[in-house]
Structure formats: structure tokens, C-alpha cells
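all I have is the shape, not the residue letters:
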């Protein structure tokens, strides 16, 4: 059973992640409903939605959660995010380059609507998932080393 402090941290993380996803996908759905497949007109609004989702995650996830952590937990988080983000970039960059080399044919084959916004969303979601998984693996490694 998590302590009251751990439960508060988990709730603030959940609110940060869920809020960022809702902001990004909700705004993207609205923008694409308004502009349709006209990508040049939708691009600035999609970028603004992306910025808003990242601002939400930073404001809630960083400013609220970070103050509740003790010093050892803060150092563990910094290490896990640094290692996880670096590993995610190293894993996803070659995949993105391979997709660019063949002109996005792989993505176009699997996405019915091959718009630049859809490609951007797939790349963003892929990188975020890779960062979360790599950070989780770094956290497990840190936890195993400290046991």
C-alpha cells in the first residue's frame, strides 16, 4: 500500500500524463476537423497544441511533483530521465532515418491518411513511448543496483 506521499506523487504524475494526452489529441482532432487534410494551414495550430500539452506536463509533472520528492528520489529521477531519454533518442533516430530514406512509404502503407500531421503524431507518440520505456528500464536498473 503506497503511503500518502507516494499516492500524491502518483496522482500528480497521472494528471500530468493524462492531461497532456487529452490536450494534444483533443486539440489535434479539433484542428484536423476544421482544416481537414490542408496541412499547411493546420501545422501552426498542431504545433501550438503540442506546445500546450508539453507545457501542461511540465507545469504539473515537474513543478508539483518535484517538490514532493526527497533528495535521493530527485537524483534517481534525473538519472533515469537522462539515461532513458538518451537511449530513446538513440533507438528511435535510426528508425526515423530509415523511414525518411524510403520516403515514408512504410508509414504511408500503414496509415490510411498519410498526412504530415499523422506522421508527426506517430513520431511524437513513438518517441514518448520509447522515452517512458527506457526510463522505466533505467529505473529498474537503478533500483536493482541499490538493493
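Right, received. Where do you want to start? Since the model is a prediction, treat every value here as computed from it, not as a measurement.

please tell me how far the residue nearest the centre of the chain sits from residue 67.
The centroid of the chain falls nearest to residue 128 when counting by C-alpha atoms, centre = their mean (3.1 Å). Taking C-beta to C-beta, to the nearest Å as the measure, residue 128 falls 24 Å from residue 67. Glycine gets a C-beta too; all of them are placed from N, C-alpha and C.

quick one: the helices in the chain?
Ranges of helices in the chain, per DSSP state H, are 4-35, 39-56, 65-67, 71-101, 105-110, 116-146.

could you export the ones you listed as CSV, including mean pLDDT?
Output for the helices of the chain, formatted as CSV (pLDDT from 0 to 100):
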stretch, mean pLDDT
helix 4-35, 81
helix 39-56, 80
helix 65-67, 77
helix 71-101, 83
helix 105-110, 70
helix 116-146, 81
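
ok, how many other residues are close to the nearest residue to residue 126 once chain neighbours are set aside?
Distances taken as C-beta to C-beta, 6 or more residues apart in numbering place residue 92 nearest to residue 126, at 6.1 Å, with adjacent residues excluded. Counted with other C-beta atoms under 10 Å, residues neighbouring residue 92 total 18.

and for residue 12?
Applying other C-beta under 10 Å, I find that residue 12 has 19 neighbouring residues.

how about the contacts made by it?
By C-beta atoms under 8 Å, 6 or more residues apart in numbering, the contact list for residue 12 reads 60, 61, 64, 65, 68.

tell me the contacts of the residue nearest to the centre of the chain?
Contacts of residue 128 by C-beta under 8 Å, 6+ apart: none found.

tell me how far the closest residue to residue 87 other than its chain neighbours lies from residue 141.
Residue nearest to residue 87 in three dimensions, not counting chain neighbours: residue 134, with 4.1 Å by C-beta to C-beta, 6+ apart. Separation of residue 134 from residue 141 (C-beta to C-beta) stands at 10 Å.

give me the more crowded residue out of the two.
Taking other C-beta under 10 Å, residue 134 and residue 141 do not tie; residue 134 has more neighbours (22 against 13).
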